[in-house]
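> Okay, predicted coordinates and the sequence, questions at the end:
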Amino acid sequence: MTLVLDIVSTAAILFIVAAGLLAIFGVLKIINFAHGAWLTIGAYCAVVVVGLGLNPWLALPLSFVVGALFGGLTEHFIVRPLYRRPLDAILATWGLGIVIGQLITLWFGRDVQFTPALLPGALTIFDTSYSLYRLFAIAAALALGLGFAFLLDGTRLGLSARAVIMNETLARALGIDTERVRLATFMIGTGLAGLAGALLAPMTSVDPTMGVAWLTGAFMLVMVAGSSFGALALACLVFGAAQVLISIYVSPVLGGMAVAVLCAVTLRIRPKGFARA
């Protein structure tokens, strides 16, 4: 039972980390390589909240708001002029991520920091004691997936975003403000990256470069998933299971590389990934 829970919770964590990146890629058709930096900002929001002696749960909405606000500024001043030059947009966000990492280092230093779990302790499931916070991560991933389903199918923004994904020129001709849709999507994506960082902070150490390692796996998962959140959930479950099994039965070092390597192999065999599976 512990193995099953490890696989599901690992898949949930991967989904939370990659969801914001996929939201931006699905609509804007660019990869936000500053995603790891937004994740790091979210983690440091948790550090600041704990350092100020505030309720640690406040880190979750704070990290989303901070990520979304900085994301809005990034979209307006850096990304928007580069939509027709996607390679330049990728390089610009990559450079921005490096700058943000250096600014975080200047402000907080290079020391590793830790935050307490929002839900300490364990819960017994079928005679198996398991981390309550990792179970909360599973619930958070489910809530995030259902939230995206509602956003895409039940809101005006979601319908507009789907129109932009299918045919942006036609969507503009129909009166949809595509610039506003792009801005809102980018802000949601970076806000989710910040939220992911705050959720990850109690499970890992927090340092200025923590987002780099997560960026690689998230990028590969998005490449496999295309623009489908259902495909992303499937990819996270499959490759999360591989990561857990390899870490337990082979080597933790190889397990850490499993997601990126297996995603690359999948794309070599099936260039469209799981998007049309």
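That came through fine. Residues are numbered from 1 along each chain as shown.
> Next, give phi and psi for Ala122.
With angles defined as degrees, to the nearest 10, Ala122 sits at phi -130, psi 160.
> close enough to count as contact, it and Tyr133?
No: with contact defined as Cβ atoms under 8 Å, Ala122 does not reach Tyr133; the gap is 9.2 Å. All C-beta atoms are positioned from the backbone trio N, CA, C, and that covers glycine.
> So which residues of the stretch 1-150 of the chain form strands?
Using DSSP state E, counting those that start in this stretch, the strands of the stretch 1-150 of the chain run over 122-125, 128-131.
> for the first one, packing partners?
Going back to what we said before, that points to strand 122-125. Other helices and strands packing on strand 122-125, by 3 or more Cβ pairs under 8 Å, 6 or more residues apart in numbering; DSSP states H and E, are strand 128-131, helix 132-154.
> Could you check which of Ala122 and Tyr133 is surrounded by more residues?
Using other Cβ atoms under 10 Å as the criterion, Ala122 and Tyr133 rank with Tyr133 on top: 19 against 14.
> got a list of contacts for the lowest-mean-pLDDT helix or strand in the chain?
Lowest on mean pLDDT, DSSP states H and E among the helices and strands of the chain sits helix 156-166, with a mean of 75. Outside helix 156-166, the residues that touch it by Cβ atoms under 8 Å, 6 or more residues apart in numbering are 26-27, 150-152, 170-171, 174, 176-178, 181-182, 184-185, 227.
> okay, now the closest residue to Ile41 other than its chain neighbours: neighbour count?
Nearest-residue entry for Ile41: Gly194, 5.6 Å, with adjacent residues in sequence omitted and distances by Cβ to Cβ, 6 or more residues apart in numbering. A count of neighbours around Gly194, defined by other Cβ under 10 Å, yields 32.
> cool, and Leu254?
12.
> Repeat that for Ala139.
Neighbours of Ala139 using other Cβ under 10 Å come to 10.
> Could you report the pLDDT at it?
For Ala139, the pLDDT comes out at 92.
> Ok, Leu54 next?
Residue-level pLDDT assigned to Leu54 equals 92.
> ok, and for the helix or strand containing Gly255, which residues are buried?
According to DSSP states H and E, Gly255 maps onto helix 252-269. Buried residues in helix 252-269, counted by 16 or more other Cβ atoms under 10 Å: Gly255, Ala258, Val259, Ala260, Leu262, Cys263, Thr266.
> what's the answer for stretch 24-38, then?
Buried residues in stretch 24-38, counted by 16+ other Cβ under 10 Å: 24-28, 30-38.
> Tell me which of these fall in helices.
Among these, the members found in helices (DSSP state H) are Ile24, Phe25, Gly26, Val27, Leu28, His35, Gly36, Ala37, Trp38.
> Would you agree the last one is in contact with Gly67?
Yes: the pair Trp38 and Gly67 qualifies as a contact (Cβ under 8 Å) at a distance of 4.9 Å.
> Out of the strands of the stretch 1-150 of the chain, which is the most enclosed?
Mean neighbour count, computed with mean count of other Cβ atoms under 10 Å, is highest for strand 128-131 among those, reaching a mean of 15.
> Which other helices and strands does that strand contact?
Short answer (3+ Cβ pairs under 8 Å, 6+ apart): strand 128-131 packs on helix 2-28, strand 122-125.
> rerun that using 6 Å as the cut-off
strand 122-125 (3 or more Cβ pairs under 6 Å, 6 or more residues apart in numbering; DSSP states H and E).
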